[in-house]
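**Q** mind folding the following:
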Amino acid sequence: MADPILYVEPPARRNRRGGIRTVASFVPQERLAATSTVQYTSEGCGLPQDDWTLCYDLTPSADEKTFDGVDTNVSPIPNFVAYSGVECFLNSEDDFAARARNLLALGEDRIVERKLGAYLLSQATPGTAASVVAAVAAADQFLDTSYPGLGVIVMSRAGAVYAKSADVVSGDDQGALWTVNGTPVLASGEVSDDYVFATGAISVFEGPVTNITAPLWGTNVQAAIAERAFGLAFDCGIAEAFAVDYSLAGAGGGAVDPETLARIDALETDVAALETDKADVAHTHAAADITSGSLAIARIPTGTTATTVALGSHTHTAAAVGAAPASHTHTIAQVTSLQTGLDSKVDSVTAGTGATVDNTDPANPVVSVP
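**A** As a prediction, this is how the structure comes out:
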């Protein structure tokens with residue numbers, strides 16, 4: 001007999017935070033599935049010009065005014081469908097169709113984010129940024145100088161963690177993320193880790209959920225499928241990417257801002273200089289600078305430059321000290337001061353057997369033998 005099993009309610013799934021629903025406008029479109037793309041007419045994408053050419057100006061400018069006009073925007077991303085399906089027994093589609101719809105509702109955002117992330121990665125020409133902090137800063141700056149409305153910064157979930165640790169991105173109680181300038185941030189695992197993107201306002205057009213059943217007669221089962229068509233567009237076609245070097249952030253466990261990077265570079269330069277100073281290179285020290293430790297006796301020189309020798313027990317060969325050939329002679333006169341030195345050493349002479357000594361002049365004793 002098998003062990004008894006108690007069937008309980010499945011664990012409740014909570015909606016994720018920081019996804020596309022926190023930054024994009026979702027617009028229902030009943031007939032979206034019958035189209036291949038979406039388009040709309042905007043109020044213009046340019047910023048105002050600064051030229052003093054009013055009617056009452058006494059010296060009007062010769063330059064023509066520049067006008068952007070209205071723009072017709074066609075989504076560069078073709079419409080697409082997200083679907084979920086579960087396998088069930090025949091004639092049980094009512095129960096399993098609801099399961100399919102629930103599964104679609106929980107995961108369809110990932111499909112939208114994947115399409116957006118793939119397009120941004122394929123189309124944008126990336127700038128460079130030394131860290132995720134610098135990338136977010138550059139993206140925020142780009143949007144403020146290029147887009148007339150409130151743009152969106154798109155980044156990976158990992159990038160959002162680094163940005164949050166550096167206090168350049170924060171969140172609210174509803175799960176939305178913002179930069180310090182108030183720009184909404186989309187954080188998604190479907191976006192490349194290597195870039196931070198900046199776009200115009202994002203709109204997601206969604207059709208109704210459609211349920212489909214597909215019988216598999218040979219196995220007496222059928223598939224309950226829920227699907228929804230989507231169209232995706234971002235205002236004015238604004239899209240820019242900023243390449244991020246995550247190596248420093250990953251190694252240190254947090255993002256590194258440009259000022260800190262500059263300080264690290266300066267510190268590395270100083271350390272390299274110190275290592276050079278302490279290396280075995282030519283330098284001098286006064287004897288008084290040696291205040292501790294013991295020196296090997298061979299390291300203590302004495303004498304002048306021409307006659308410097310080391311103290312202690314050591315030997316030299318005759319050739320090493322420039323000795324003359326072994327066989328040679330010298331007279332006393334050739335040895336300077338030898339006679340004088342010998343004479344000064346004679347204090348007295350002691351008489352032997354049968355001899356007498358007159359030591360009146362110690363330097364010239366007189367010896368007499370009878």
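
**Q** got the confidence number for residue 30?
**A** The model reports residue 30 with a pLDDT of 92.

**Q** work out for me the element it sits within.
**A** Under DSSP states H and E, no helix or strand contains residue 30.

**Q** need the phi and psi values for it.
**A** When read as degrees, to the nearest 10, the backbone of residue 30 gives phi -60, psi -40.

**Q** list the contacts of it.
**A** Residues in contact with residue 30 (C-beta atoms under 8 Å, 6 or more residues apart in numbering) are 207, 208. To be clear about C-beta, it is placed using only N, CA and C from the backbone, and glycine gets the same treatment.

**Q** equivalent analysis for residue 180, please.
**A** Each residue near residue 180 by C-beta under 8 Å, 6+ apart is listed here: 167, 168, 169, 170.

**Q** gap between it and residue 169?
**A** Between residue 180 and residue 169 the distance is 8 Å, computed by C-beta to C-beta, to the nearest Å.

**Q** show me which residues of stretch 173-183 are buried.
**A** Neighbour counts using 16 or more other C-beta atoms under 10 Å place 176, 177, 178, 179, 183 of stretch 173-183 among the buried residues.

**Q** what helix or strand is residue 265 located in?
**A** Element membership for residue 265, per DSSP H and E: helix 258-277.

**Q** and that helix, average pLDDT?
**A** Here the average pLDDT along helix 258-277 is 73.

**Q** before we move on, the earlier item: mind listing which of the contacts of residue 180 are in strands?
**A** Taking DSSP state E, the ones among the contacts of residue 180 that sit in strands are 169, 170.

**Q** of the contacts of residue 180, buried ones?
**A** The neighbour-count test (16+ other C-beta under 10 Å) marks 168, 169 as buried among those.

**Q** which of the contacts of residue 180 lies closest to residue 78?
**A** Relative to residue 78, the closest of the contacts of residue 180 is residue 169; by C-beta to C-beta it sits at 31.3 Å.

**Q** if I look at residue 212, how far off is residue 222?
**A** To residue 222, residue 212 is 10 Å away according to C-beta to C-beta.

**Q** an error on my part: the question was meant for residue 204.
**A** Distance from residue 204 to residue 222, counting by C-beta to C-beta: 31 Å.

**Q** residue 136 is in what secondary structure piece?
**A** Per DSSP H and E: residue 136 is located in helix 132-146.

**Q** what's that helix packed up against?
**A** In terms of contacts (3 or more C-beta pairs under 8 Å, 6 or more residues apart in numbering; DSSP states H and E), helix 132-146 is packed against strand 126-129, strand 152-156, helix 157-165, strand 195-199, strand 239-244.

**Q** can you lay out these as TSV showing distance to residue 143, mean pLDDT and mean neighbour count?
**A** TSV is the format used below for these (distance: least, C-beta to C-beta, whole Å; pLDDT from 0 to 100; neighbours: other C-beta atoms under 10 Å):
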stretch	distance to residue 143	mean pLDDT	mean neighbour count
strand 126-129	13	75	16
strand 152-156	8	94	27
helix 157-165	15	90	21
strand 195-199	5	91	27
strand 239-244	8	84	22
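
**Q** turn these into CSV, columns for distance to residue 43.
**A** As requested, the helices and strands packed on helix 132-146 are exported to CSV (distance: least, C-beta to C-beta, whole Å):
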stretch, distance to residue 43
strand 126-129, 28
strand 152-156, 18
helix 157-165, 31
strand 195-199, 18
strand 239-244, 19
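
**Q** tell me the buried residues in the helix ranked longest in the chain?
**A** Using DSSP state H to define each element, the chain has its longest helix at helix 93-123. By neighbour count on 16+ other C-beta under 10 Å, the buried set for helix 93-123 is 93, 96-97, 100-101, 103-104, 108-117, 119-120.

**Q** straight-line length of stretch 361-369, end to end?
**A** Using C-alpha to C-alpha, to the nearest Å, the end-to-end distance of stretch 361-369 comes to 18 Å.

**Q** oh sorry, the question was meant for stretch 199-216
**A** For stretch 199-216, the first-to-last residue distance is 45 Å (C-alpha to C-alpha).

**Q** in that stretch, what's buried?
**A** Using 16+ other C-beta under 10 Å as the test for burial, stretch 199-216 gives 199, 200, 201, 202, 203, 204, 205, 206, 207, 209, 211, 213.

**Q** who touches the nearest residue to the first one once chain neighbours are set aside in this structure?
**A** Of all residues beyond its chain neighbours, the one nearest residue 199 is residue 234 (4.4 Å), with distances taken as C-beta to C-beta, 6 or more residues apart in numbering. Residue 234 makes contact with 116, 152, 199, 200, 201, 202, 203 under the criterion C-beta under 8 Å, 6+ apart.

**Q** if I look at residue 234, how far off is residue 73?
**A** To residue 73, residue 234 is 9 Å away according to C-beta to C-beta.

**Q** with residue 47 instead?
**A** 17 Å.

**Q** please say which of these two ends up with more neighbours.
**A** Neighbours were counted for residue 47 and for residue 73 using other C-beta atoms under 10 Å; residue 73 has more, 19 against 12.

**Q** wait, doesn't the more buried one sit right on residue 37?
**A** No - counting by C-beta atoms under 8 Å, residue 73 stays clear of residue 37, with 10.7 Å between them.

**Q** quick check: end-to-end length of stretch 127-138?
**A** One end of stretch 127-138 to the other measures 9 Å (C-alpha to C-alpha).

**Q** then stretch 203-222?
**A** Using C-alpha to C-alpha, the two ends of stretch 203-222 sit 35 Å apart.

**Q** run through who's touching that stretch.
**A** Applying C-beta under 8 Å, 6+ apart, the contact partners of stretch 203-222 are 20, 24-33, 38, 87-90, 93, 97, 100-101, 104-105, 112, 223-235.

**Q** list buried residues within those.
**A** Neighbour counting over those (16+ other C-beta under 10 Å) leaves 20, 24, 29, 32-33, 38, 88, 93, 97, 100-101, 104, 112, 223-235 as the buried ones.
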